[in-house]
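K.L.:
mind folding the following:
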Amino acid sequence: MSDGTDTPPSPSNGVTPSVNGNGLSAGHHRAMSLRRPSAPMAPAFMVSAPGKVIVFGEHSVVYGRAAIAAAISLRSYLHVTTLSKSKHTVSLRFPDIDLTHTWDIDNLPWAAFHHPDKKKSYYSLVTELDNDLLAALQPHIDEVSPDRSEEIRKVHRSSATAFLYLFLSLGSPRFPGSLYTLRSTIPISAGLGSSASISVCLAASLLLQLRTLSGPHPDQPSDEARIQIERINRWAFVSEMCIHGNPSGVDNTVASQGKAVVFQRTDYSKPPSVRPLWNFPELPLLLVDTKQAKSTAHEVAKVGKLNKTHPKLVGTILDAMHNVTDAASELIEEKSFDPKDGESLRKVGELMTINHGLLNSLGVSHPRLERVRELVDHEGIGWTKLTGAGGGGCSITLLKPDVQKEKLDTLDTRFEAEGYQKFSTTLGGDGVGVLWPAVLKNGLDEDEEGGMEIDVDLFLNAKGTEGVEQLVGVHGDGGEREGWKFWRVESE
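P.N.:
Alright, predicted model coming up:
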């Protein structure tokens, strides 16, 4: 295992960089070196991972039934800059949560993490955190955001813990100084898997710097791509444990591999069953944030109380939700399913409507969610359900094909007037992706400069979701990403 001190092999030595896969010519590399004569040890690069929504099976999944979760095209983006050898520090800059902190690499508790009984490899499966290692980190976590409120410190320190636990588990004292800058287009605390998306970005970036991943590239065999995804996913789960304590693992799995998964946990003493839906199609989606604060614990407890009072009746509702999930996965996996066909979409949409009705009968909807359904139904443009725990939070609408722009504009006006935030996104897109180096072409083949380099200042100054997506090369309603490469896995 590399300690991260090597630069990626250059094309001139006959070896393809393990993290490249983007087909950059030698001219592009020469152009970069001309523009940056004092280049750092490795070029700046970017990693991105999606958020997620639960499409079917909220709440019933708590009681051992199946649920389907899918990636959305709202994503986190992590920019990684390798510093010169004279700067042996590691820095986090997460402006979305106003976190900035720097550690001296030489002062971190390497001895604890590298003890023979504790040392992990990049391919290790870690299913629980080590309390001794957490204790060794604590002095370095305590120094983060000391002058902020307790609420903000908690968020900052959980992020710092997740990063340092991964950094010290995977790296070494010889790891190059680096700056990790994060921007996210995923609403925070909305049940959309924002922390898992960030965890996947952190895990992937460190594994890339260590040169322990192959690809991604278009001709990569599916079996090899799955191994890389699983490697990232394992360490993203470790990060999620640092943030959430006892995560289900479904959010980081979806953020790693994209598409969708069928998730079921019948025995909480054992790992859950997670079945990838590798061929889940990209579907047009409206995501609406009600801006209504919600408590997942409160909504789960509400269903628990109802189940205790009416176990037979609630059990029937939960079974019905399980059957809806099964019907949806079977429908989507049929060879005849066509995501552009109105009849195929209608069948999925009807199942979403049924699922919402069952959730509503459990008392976990909210007037703000029902209002979204009312507005969408009035325009006749799709099928809407709540996603996540309910009681507020977000709704998702599967759009009918060829919806008139006028109807969408009318809907936008009403949402804005009533204090909703709407996102046009897609369901079932790509998982973790890489832009190496962090350079976007401008579309001209004769462009000797190789395009525009995305530096930290440009990244930090991008305005909002639209500015970030424009900067990193996202365009089109489907979220196409210029220059980005993904570990794509399909079953056929």
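K.L.:
where do the strands sit along the stretch 251-400 of the chain?
P.N.:
260-264, 273-277, 283-289, 382-387, 394-399 (DSSP state E, counting those that start in this stretch).
K.L.:
I misspoke; the intended subject was the stretch 101-250 of the chain.
P.N.:
178-184.
K.L.:
hey, where'd the helices end up in it?
P.N.:
110-113, 131-142, 150-170, 194-209, 222-244, 250-257 (DSSP state H, counting those that start in this stretch).
K.L.:
of those, which is nearest F56?
P.N.:
Nearest of those to F56, taken as C-beta to C-beta: helix 250-257 at 12.7 Å. (C-beta placed from N, C-alpha, C; glycine too.)
K.L.:
now the angle from that closest one to helix 194-209?
P.N.:
Going by axes from the mean of the first three to the mean of the last three C-alpha atoms, to 10 degrees, helix 250-257 is angled at 40 degrees with respect to helix 194-209.
K.L.:
which outside residues touch helix 250-257?
P.N.:
Outside helix 250-257, the residues that touch it by C-beta atoms under 8 Å, 6 or more residues apart in numbering are 49-52, 67, 69-71, 193, 195-197, 199-200, 229-230, 232-233, 236-237, 239-240, 260-261, 263, 272, 274, 276, 278, 431-432, 487, 489.
K.L.:
also stretch 350-368?
P.N.:
55-59, 290-292, 294, 299, 302-303, 306, 314, 317, 320-321, 324-325, 327-328, 331, 370, 373, 383-386, 389-392, 396, 398, 420.
K.L.:
then it to CSV, C-alphas only?
P.N.:
Extracted C-alpha coordinates of stretch 350-368, given in CSV (Å, rounded to 0.1, in the frame of the first residue of the first chain):
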residue,chain,number,x,y,z
GLU,A,350,-49.3,4.9,-9.0
LEU,A,351,-47.2,2.9,-6.7
MET,A,352,-45.7,6.1,-5.2
THR,A,353,-49.2,7.4,-4.7
ILE,A,354,-50.3,4.2,-2.9
ASN,A,355,-47.1,4.4,-0.7
HIS,A,356,-47.9,7.9,0.3
GLY,A,357,-51.5,7.0,1.2
LEU,A,358,-50.2,4.3,3.4
LEU,A,359,-47.8,6.6,5.1
ASN,A,360,-50.5,9.2,5.5
SER,A,361,-52.7,6.5,7.3
LEU,A,362,-49.8,6.1,9.8
GLY,A,363,-50.0,9.8,10.6
VAL,A,364,-46.6,10.9,9.3
SER,A,365,-47.6,13.3,6.6
HIS,A,366,-48.0,17.0,7.2
PRO,A,367,-50.3,19.8,5.8
ARG,A,368,-47.2,21.3,4.0
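K.L.:
circling back: list only buried entries from the contacts of stretch 350-368.
P.N.:
55-59, 290, 294, 299, 302-303, 306, 314, 317, 320-321, 324-325, 327-328, 373, 383-386, 389-392, 396, 398, 420 (16 or more other C-beta atoms under 10 Å).
K.L.:
mind giving me the ChimeraX command for buried ones among the contacts of helix 250-257?
P.N.:
ChimeraX command restricting those to the buried ones, with burial defined by 16+ other C-beta under 10 Å:
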select :49,50,51,52,67,69,70,71,193,195,196,197,199,200,229,232,233,236,237,239,240,260,261,263,272,274,276,278,431,432,487,489
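K.L.:
centroid residue for the protein?
P.N.:
In the chain, the centroid-proximal residue (C-alpha atoms, centre = their mean) is S197; its distance is 2.5 Å.
K.L.:
so how far is I227 from that one?
P.N.:
Distance, S197 to I227, using C-beta to C-beta, to the nearest Å: 21 Å.
K.L.:
how about I454?
P.N.:
Taking C-beta to C-beta, one finds I454 at 29 Å from I227.
K.L.:
so, low pLDDT: which residues of the chain?
P.N.:
Counting by pLDDT under 70, the chain contains low-confidence ranges at 1-41, 441-450, 475-481, 491-492.
K.L.:
my guess is S197 meets I186, correct?
P.N.:
Yes: assessed by C-beta atoms under 8 Å, S197 is found in contact with I186 at 5.9 Å.
K.L.:
ok, back up a step: keep only those of the contacts of stretch 350-368 that are in helices.
P.N.:
299, 302-303, 306, 314, 317, 320-321, 324-325, 327-328, 331, 370, 373 (DSSP state H).
K.L.:
how about the nearest residue to R226, chain neighbours excluded?
P.N.:
V489 (5.3 Å; C-beta to C-beta, 6 or more residues apart in numbering).
K.L.:
how about F415, what does it touch?
P.N.:
Here F415 is in contact with V288, V372, L375, Q421, K422 (criterion: C-beta under 8 Å, 6+ apart).
K.L.:
gap between it and I54?
P.N.:
For F415 relative to I54 (C-beta to C-beta), the value is 22 Å.
K.L.:
repeat for L213
P.N.:
As judged by C-beta to C-beta, L213 and I54 stand 29 Å apart.
K.L.:
same thing with V432?
P.N.:
Taking C-beta to C-beta, one finds V432 at 20 Å from I54.
K.L.:
P95 now?
P.N.:
Noted for P95: a distance of 28 Å to I54, by C-beta to C-beta.
K.L.:
which one's more surrounded, the two?
P.N.:
I54 (26 against 14; other C-beta atoms under 10 Å).
K.L.:
gap between the two ends of stretch 117-127?
P.N.:
16 Å (C-alpha to C-alpha, to the nearest Å).
K.L.:
identify the single longest strand in the chain, thanks.
P.N.:
Ranked by residue count and defined by DSSP state E, the top strand of the chain is strand 67-82.
K.L.:
off-centre distance for that one?
P.N.:
Strand 67-82 has its C-alpha centroid displaced from the chain centroid by 3 Å (C-alpha atoms, centre = their mean, to the nearest Å).
K.L.:
show residues contacting the helix or strand just after it.
P.N.:
Sequence order places strand 89-94 as the next helix or strand after strand 67-82, per DSSP states H and E. By C-beta under 8 Å, 6+ apart, the surrounding residues in contact with strand 89-94 are 83, 99-105, 159-160, 163, 167, 175, 177-182, 456, 460.
K.L.:
okay, strand 89-94 in CSV with CA atoms only?
P.N.:
Below are the C-alpha coordinates for strand 89-94, written out as CSV (Å, rounded to 0.1, in the frame of the first residue of the first chain):
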residue,chain,number,x,y,z
THR,A,89,-0.4,20.3,7.1
VAL,A,90,-3.9,19.0,6.3
SER,A,91,-6.8,21.5,6.2
LEU,A,92,-10.6,21.2,5.9
ARG,A,93,-12.5,24.1,4.4
PHE,A,94,-16.3,23.4,4.4
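K.L.:
which parts of that strand are buried?
P.N.:
V90, S91, L92, R93, F94.
K.L.:
now the first one, which residues is it bridged with?
P.N.:
In this entry, V90 is beta-bridged to W103, S178, by DSSP bridges.
K.L.:
183 is where my numbering starts, stick with that
P.N.:
I'll keep to 183 as the first residue from here, and by that count the last item is V272.
K.L.:
quick one: stretch 367-385 to chain centroid distance?
P.N.:
Distance of stretch 367-385 from the chain centroid (C-alpha atoms, centre = their mean) equals 5 Å.
K.L.:
check stretch 591-604 too.
P.N.:
The chain centroid and the centroid of stretch 591-604 are separated by 26 Å under C-alpha atoms, centre = their mean.
K.L.:
residues of that stretch that come out buried?
P.N.:
L593, R596, F597, Y602, K604.
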